[in-house]
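Visitor: Give the three-dimensional model of this entry:
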Amino acid sequence: MNLLLSNSKRISSSLSRYALALVVMLFAIAQLKAQTISILPSAKGKKPKLAYSNMALTAKLIGPAISDPDWYNWCVSPIQGKDGKIHIFGSRWPAKEGMSGWMGQNAEIAHFIADKPEGPFKYVSTVLKTSDFPHPDKMWAPHNSRISYVDGKYVLLYIFQTQKGKAVMYTGMMIADNINGPWRFAGQKDGLMVENSKDPKHWTYNGAIGADNPAFTKIGSKYYIYFKSGMPTQRTAKYGYAVADHLEGPYTLSDQPITDNIDYIEDAVAFTANKKHYLLTTDNHGTNTGVFGNIILWQSKTGLDFKLADAKIGMGTILDYWGTEKDHQKLLTTPGHFEYSSSGKMERPAVLMINGKPKYFYASAGLNLSGGANAETYVFKIDWKDGK
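Guide: Numbers count the residues shown, from 1 in each chain. Down below sits the predicted model:
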C-alpha cells in the first residue's frame, strides 16, 4: 500500500510538472504570436522606437472620403453637426495645377457633407478662398483647415501664405454660429491669430516656415491654438501653443516648444478623451518613430507638455491597411497614377469624435489607391482603447 501511495505521489508530481511546463510553453507561444502582430508591414526590417497603439494595429480602411478628378483634396477635418450629419472642412485646389497648387491663388477650403462617417461626402460650398481675404495681396492660399465646436460656436482654423516665392505661413480663424455659415473673420486682425514673435530671443523668431499647421482645444477656461514653428531650418520645427482668455484672442505665444521631437513633425490635430489630451502628428522622416511616414499619437495630462516617452505610433502608412504586396507593386507601376510618396505616407491626420470618443480616422495619402491622377482623402474605422 505504501508503495502504491509513493508511486501515486510521484506520478502526480510528474503530471503537475508536465502541466506547468505545458502552460509555460503555451504562454510563450502566445507571447510570440503577440509579438509577431505588434508591428505593421511598414516597420518590416526596421526597429520602431515607439510601441504601436491599438488604433494603429486594428484600424480598418473603409475607402475614399472625398475624391474628385477635377480637384486635389488634401487637408481634412471632420465634425458631427447638430443635424446628425458628418461635415468635413477640407482644402482643395484645381487638379490641373498639380501638387504645388496648394500654395496658389486658387486654393480654397470647402465644406462637404455626408449622412454617415463612411461617406460618400458631397461638396456643399466654398468657405474661404483667396479673394475672400481682406488683404489678398498679403493673405492667400487658405489651407490646413481644422474645425471645432466650442462655446456654442463653430471655429475654423486655417493657414495662409504671406510671402511671394517663399513658404511662410500664419494661422487664422473664422467663426460661425451655424455650421453652414455665414462665416466671419475672428478677432481684430482680419482673422490673424498666430504669427512669429518679433522678439529675437523667442523660439519662434524669424521662423523658417512661419507659425502654421494649427490645432485647437479649450482647457479649463482658456483657449489654445497649437502651432508649429522654429529656426533655423524647417526640420528643427516643434509645436508650441498660443493661449487666450477669450476665443477671439488676443493669443499669447508659449515661451518654449511643448513637443520634444528630434526631427520634423507637422499636421497636428488635438482632441481630449478619457481625461487626457492628445495630439496626432506626422513623423515625416521616420526618425521620431523609427518608421518612415508613420503617425505619432502624443498624450499629456495637462495638454501643455508632450513627450516622446509617452507617445505611441498612432497609425502606419496607408499601404499597411490596403492590398497585398502585388497590389502595391501594381499600383506603383500604373501609368499616370498620383504618387507624392511611394511609401503611402499619410498626412493631415484627423479624428471624428462621437459621444466623446474617437471613432473614425481621416487623412490624405501620398498615393491614390485607385490609380487616379490626383490626391484624395481616406476614412478608417478605428478601435480607441483610451490611447493604449
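Visitor: This structure - how does it break down into domains?
Guide: Following the assignment in automatic domain parsing, the chain carries domains at 1-36, 46-381.
Visitor: Worst mean pLDDT across the helices and strands of the protein, which element?
Guide: Using mean pLDDT, DSSP states H and E, helix 2-36 stands out as the lowest-scoring helix or strand of the chain, at a mean of 48.
Visitor: Now the residue nearest the centre of the chain. Nearest residue, chain neighbours left out?
Guide: Among the residues of the chain, the one closest to the centroid is P349, at 2.3 Å (CA atoms, centre = their mean). The shortest distance from P349 to any non-neighbouring residue, by CB to CB, 6 or more residues apart in numbering, is to L280 (4.3 Å). (C-beta placed from N, C-alpha, C; glycine too.)
Visitor: who's in contact with the one you found?
Guide: Residues counted as contacts of L280 (CB atoms under 8 Å, 6 or more residues apart in numbering) are 267-269, 295-298, 314-315, 349-351.
Visitor: Show me where the stretch 251-388 of the chain has its helices.
Guide: With DSSP state H, counting those that start in this stretch as the definition, the stretch 251-388 of the chain shows helices at residue ranges 325-332.
Visitor: sorry, back to before: how about the helix or strand following the least confident helix or strand of the chain: buried residues?
Guide: Per DSSP states H and E, the first helix or strand lying C-terminal to helix 2-36 is helix 54-58. For helix 54-58, burial by neighbour count (16 or more other CB atoms under 10 Å) applies to 55-57.
Visitor: re earlier: who's the residue nearest to P349 bridged to?
Guide: V269, L297 (DSSP bridges).
Visitor: So that it lines up with my notes, have the first residue be 289 from now on.
Guide: Yes, from this point I'll number from 289; that puts the last item at L568.
Visitor: Roughly how far does it sit from M457?
Guide: For L568, the distance to M457 equals 20 Å [CB to CB, to the nearest Å].
Visitor: Tell me how far the residue nearest to P637 lies from I670.
Guide: From L568 across to I670, the span is 11 Å (CB to CB).
Visitor: and F668, how far is that from A402?
Guide: Using CB to CB, we find F668 at a distance of 15 Å from A402.
Visitor: Please read the previous query as pertaining to S630.
Guide: 30 Å.
Visitor: Between these two, which is the more surrounded one?
Guide: Counted by other CB atoms under 10 Å, S630 and A402 do not tie: A402 has more neighbours, with 18 against 14.
Visitor: any idea of the pLDDT on the spatially closest residue to that one that is not a sequence neighbour?
Guide: The shortest distance from A402 to any non-neighbouring residue, by CB to CB, 6+ apart, is to F409 (4.4 Å). On the pLDDT scale, F409 is placed at 97.
Visitor: mind listing what's buried in stretch 648-661?
Guide: By neighbour count with 16+ other CB under 10 Å, stretch 648-661 contains the buried residues 648-657, 660.
Visitor: ok, now stretch 375-394?
Guide: For stretch 375-394, by 16+ other CB under 10 Å, it's 375-381, 383, 385, 387, 389-391, 394.
Visitor: of those residues, closest to D593?
Guide: F377 (28.6 Å; CB to CB).
Visitor: Can you give me every residue that contacts the closest one?
Guide: 365, 367, 397-400, 415, 433-435, 444.
Visitor: Out of the residues you listed, which comes closest to L592?
Guide: Set against L592, the nearest of the contacts of F377 by CB to CB is R434 (18.7 Å).
Visitor: Could you count how many residues lie near the closest one?
Guide: 28.
Visitor: Do I have it right that it meets P502?
Guide: Yes: applying CB atoms under 8 Å, one finds R434 in contact with P502, separated by 5.9 Å.
Visitor: where do the contact lists of the two overlap?
Guide: Residues touching both R434 and P502 (CB under 8 Å, 6+ apart) are 445-446.
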